[in-house]
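>>> can you look at this prediction? I've put the sequence above it.
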Amino acid sequence: MTRYLFYPGCSMEASALEYKASMTAVFRALGAEILEIEDWTCCGASVAPVMSDLLGLALPARNLAIAEKMSNGRTMVVGCSACFTSFARTNAAVADPTALARVNQALEVENLSYGGTIVVRHVLDVLANDFGPAAIAERVVRPLSGLKVAPYYGCQTVRPYASYDDGQQPWTMVPLLEALGATVYHHLQEATCCGTALLTTKPEVGLRIAGSILDAAQPADCITVVCPMCHMNLDSYQDKVSRVLGKMIKIPVVFLPQLIGLALGLSEKDLLFKRHVVPVEPVLTKVPA
Amino acid sequence: MATPEVIVLTDIKRDPAFGDRLTPAGQQLRTCIQCGTCTASCPSASAMDITPRKMWRMVQLGMVDEVLRSKTMWLCSICYQCQVRCPRGIPLTETIAKLKQLAIQQQIKQWRESTHFYLAFSDVMRRYGRMRETEFMARYFMSTNPFEALNYATMGLTLLRRGKLKPELPMLRGEGKLARLFDRVAELEGRK
Ligand code: SF4
Ligand code: SF4
């Protein structure tokens, strides 16, 4: 049985618990096990590098060092695209031995040391390239036939550190969605940023950015995402977005592992569809169990 | 702050080495050819007082005050579109993080709603080791505009009902989970 180290990160543990639950269930159904990083802490997201250069490396490195100690294989899977970027950026930086030594000087107070050996991969990459569409298609018992799904990658899922896809015209979700029997609804905002923190700090700008994505994807039955931030911004602000755009926006936003889980016949309850702000029922009724 | 169309360079205080200190490899910003790809790629450009292309030129010219006081960096959503498209391969998104760092260090008063977002986030990380979304939002809105919180209250209630926000009590006593690491980093960087 394949085993992966797994770093959930703050959002997957709270607002995006349905992402963690569905991902865990899907990995298990596909014959892989995940081992959560012990005593993990926040990766620092895009905030730590703004507070200080070294903090921006030390916070992710603390978790990488623990992963290395657990040393169960050398691959750590991450579901949040901001965490993915933090870890990939840190790994790139500590390839320079001077930077690595400095990071380890900081980690001394935590009795930790990082050797730079952990390979960090996004959940999307693992689903598409380790399991793969063929193996997933074989296990589909509830095909998503007739369901029009708009893929949405956002920004940091595919750039600048993703070697598994194109940062401008990503494609990784297409074969996966087709393997589930779904129809892919392509739109022009698949790799546009969701607006991240701007929805909080500069709502007048952020809501328009999120709105342009929702508006482009609206003809589909649902949008699928692979990042907790993208999910929060696209799912919870649709009322506000409708007001700003002056038109009704209502479209369910689901995590890709939730869709895969559905097609694999996992229970709807375990996939936590009830947690979404925009009800997912229309999607569920469209695919007969 | 709007910038005049014609800038008389002799009239302003400038630090010509400004740009060289911002990028990891130094001097990279000198290679900017003002092609405007960054501005054309930026989802927030239309709301910025200075567009990215113009800002990078002002950085080249060493216009520290004008750049650090502009709204531009705070409208960056860190989407990396300009960075991956810049024909000169300048790490633009990461350089914007550096600009934010300077603005926060110099306690620039403009755009508190943005600087406080970073400060509140950082406080919660230091104390709990993990993000606590409820407490973070509370701290953030209290430090900027408590009235704005009302705007978010309805959404907050929906999120609580769906179990998306955890109502956790603040834990204000005791050493923060990451306090030692934060302090060590400050010490190594000579800030302590
Ligand atoms: S894309 Fe690069 S070279 Fe072109 S204007 Fe922007 S910073 Fe300069
Ligand atoms: S990284 Fe920032 S400045 Fe660059 S395109 Fe994205 S939002 Fe604009």
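All right, it came through fine. Ligands and ions are numbered 1, 2, ... in the order given.
>>> helix/strand/coil for the residue nearest to A:F87 when sequence neighbours are not counted?
Among residues not flanking A:F87 along the chain, A:V120 sits closest, at 4.2 Å (CB to CB, 6 or more residues apart in numbering or on different chains). Every C-beta, even on glycine, is put in place using the N, C-alpha and C of the backbone. At A:V120 the chain is in strand, as set by DSSP: H, G, I helix; E, B strand; the rest coil.
>>> pLDDT score assigned to A:V120?
As predicted, A:V120 sits at a pLDDT of 97.
>>> and it, bridged to which residues?
Beta bridges link A:V120 to A:M76 when assigned by DSSP bridges.
>>> what's the neighbour count on it?
If you count neighbours by other CB atoms under 10 Å in any protein chain shown, A:V120 ends up with 26.
>>> how about the one 5 residues further on?
As a burial measure, the neighbour count of A:D125 was computed by other CB under 10 Å and equals 21.
>>> again, but for B:P16
Counted with other CB under 10 Å, residues neighbouring B:P16 total 9.
>>> so which strand or helix has it?
Per DSSP states H and E: B:P16 is located in neither a helix nor a strand.
>>> quick check: closest non-adjacent residue to it.
Nearest residue to B:P16, sequence neighbours excluded (CB to CB, 6+ apart): B:G62, at 4.3 Å.
>>> with B:R57 instead?
B:Q34 (6.1 Å).
>>> quick one: contacts for that neighbour?
B:53, B:56-57 (CB atoms under 8 Å, 6 or more residues apart in numbering or on different chains).
>>> between these, which sits nearest A:V77?
Proximity of the contacts of B:Q34 to A:V77 (CB to CB) peaks at B:W56, which lies at 36.4 Å.
>>> what helix or strand is the closest one on?
Using DSSP H and E, B:W56 sits in helix B:52-60.
>>> quick one: the residue nearest to A:F87 from chain B, how far?
Going from A:V120 to chain B by CB to the nearest CB, to the nearest Å gives 17 Å.
>>> per-residue pLDDT, the residue sitting furthest away from the middle of chain B?
The C-alpha centroid of chain B is most remote from B:R161, which lies 31.8 Å away (CA atoms, centre = their mean). pLDDT, B:R161: 76.
>>> look up how far ligand 2 lies from it.
Separation of B:R161 from ligand 2 (CB to the nearest ligand atom, to the nearest Å): 33 Å.
>>> and what of B:C38?
For B:C38 relative to ligand 2 (CB to the nearest ligand atom), the value is 6 Å.
>>> any idea how far that residue lies from ligand 1?
Counting by CB to the nearest ligand atom, the gap from B:C38 to ligand 1 is 3 Å.
>>> how is chain B carved up into domains?
With domains defined by automatic domain parsing, chain B comprises B:14-106, B:108-192.
>>> and these, which one averages the lowest pLDDT?
domain B:108-192 (a mean of 81).
>>> now the end-to-end length of it.
End-to-end distance for domain B:108-192: 21 Å, by CA to CA, to the nearest Å.
>>> and the strands in the stretch 101-250 of chain A?
For the stretch 101-250 of chain A, the strands defined by DSSP state E, counting those that start in this stretch occupy A:119-122, A:148-151, A:183-184, A:222-225.
>>> partner strands of the second one, with direction?
If I follow you right, that is strand A:148-151. Strands that pair with strand A:148-151, judged by DSSP bridges, come out as strand A:183-184 (parallel), strand A:222-225 (parallel).
>>> for the ones you listed, which one sits closest to A:L259?
Proximity to A:L259 (CB to CB) singles out strand A:222-225 among the strands paired with strand A:148-151, at 5.7 Å.
>>> next one: A:A106 from A:S113, what distance?
Relative to A:S113, A:A106 is positioned 10 Å away (CB to CB, to the nearest Å).
>>> for the two, indicate the residue with more neighbours.
For A:A106 versus A:S113, neighbours defined as other CB under 10 Å are more numerous around A:A106 (26 against 15).
>>> what sits against the more buried one?
Contact analysis of A:A106 by CB under 8 Å, 6+ apart lists A:54, A:58, A:61, B:181, B:184-185, B:188.
>>> hmm, back to that, now the residue nearest to B:R57: which helix or strand?
B:Q34 belongs to no helix or strand when assigned by DSSP H and E.
>>> ramachandran coordinates for it?
Main-chain dihedrals, B:Q34, degrees, to the nearest 10: phi 60, psi 40.
>>> kindly report the same for B:A17.
Backbone phi and psi, for B:A17 under degrees, to the nearest 10, turn out to be phi -90, psi 0.
>>> excluding its backbone neighbours, what's nearest it?
That would be B:G62: by CB to CB, 6+ apart, it lies 7.0 Å from B:A17.
>>> sorry, back to before: in TSV: the strands of the stretch 101-250 of chain A, plus distance to A:V47.
Converted to TSV, those look like this (distance: least, CB to CB, whole Å):
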stretch	distance to A:V47
strand A:119-122	19
strand A:148-151	28
strand A:183-184	34
strand A:222-225	21
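>>> let me know which of the ones you listed is tucked in deepest.
strand A:222-225 (a mean of 27; mean count of other CB atoms under 10 Å in any protein chain shown).
>>> which other residues reach stretch B:46-66?
In contact with stretch B:46-66 (CB under 8 Å, 6+ apart) are residues A:202, A:204-205, B:1-3, B:7, B:9, B:12-19, B:22, B:29-30, B:32, B:34-36, B:38-39, B:42, B:45, B:67, B:70-72, B:75, B:82, B:90, B:92.
>>> what sits against whichever residue of the stretch 151-289 of chain A sits closest to ligand 2?
Nearest residue of the stretch 151-289 of chain A to ligand 2 (CB to the nearest ligand atom) works out as A:C193 at 6.2 Å. With contacts defined as CB under 8 Å, 6+ apart, the neighbours of A:C193 are A:154-155, A:209, B:43, B:77-79, B:81.
>>> make CSV from these and add distance to ligand 1 to it.
Shown next, in CSV, are those (distance: CB to the nearest ligand atom, whole Å):
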residue, distance to ligand 1
A:G154, 21
A:C155, 17
A:I209, 20
B:P43, 15
B:S77, 17
B:I78, 16
B:C79, 14
B:Q81, 10
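>>> out of these, which one sits closest to A:V253?
Closest to A:V253, out of all of those and judged by CB to CB, is A:G154, at 11.6 Å.
>>> pLDDT value on that closest one, please?
Taking A:G154 on its own, its pLDDT is 95.
>>> that one and A:F84 touch, don't they?
No. When contacts are counted by CB atoms under 8 Å, A:G154 is not listed as touching A:F84 (11.3 Å).
>>> got a list of what residue 100 touches?
As the question left the chain open, I've gone with chain A. Residues in contact with A:L100 (CB under 8 Å, 6+ apart) are A:94, A:114, A:116.
>>> I was after chain B.
A:50, B:73-74, B:118.
>>> I'd like the next helix or strand past the helix holding B:W56.
Remark: after helix B:52-60, the chain's next helix or strand is helix B:64-68, criterion DSSP H and E.
>>> may I see the buried residues of that following helix?
Within helix B:64-68, the residues that count as buried by 16 or more other CB atoms under 10 Å in any protein chain shown are B:64, B:66-68.
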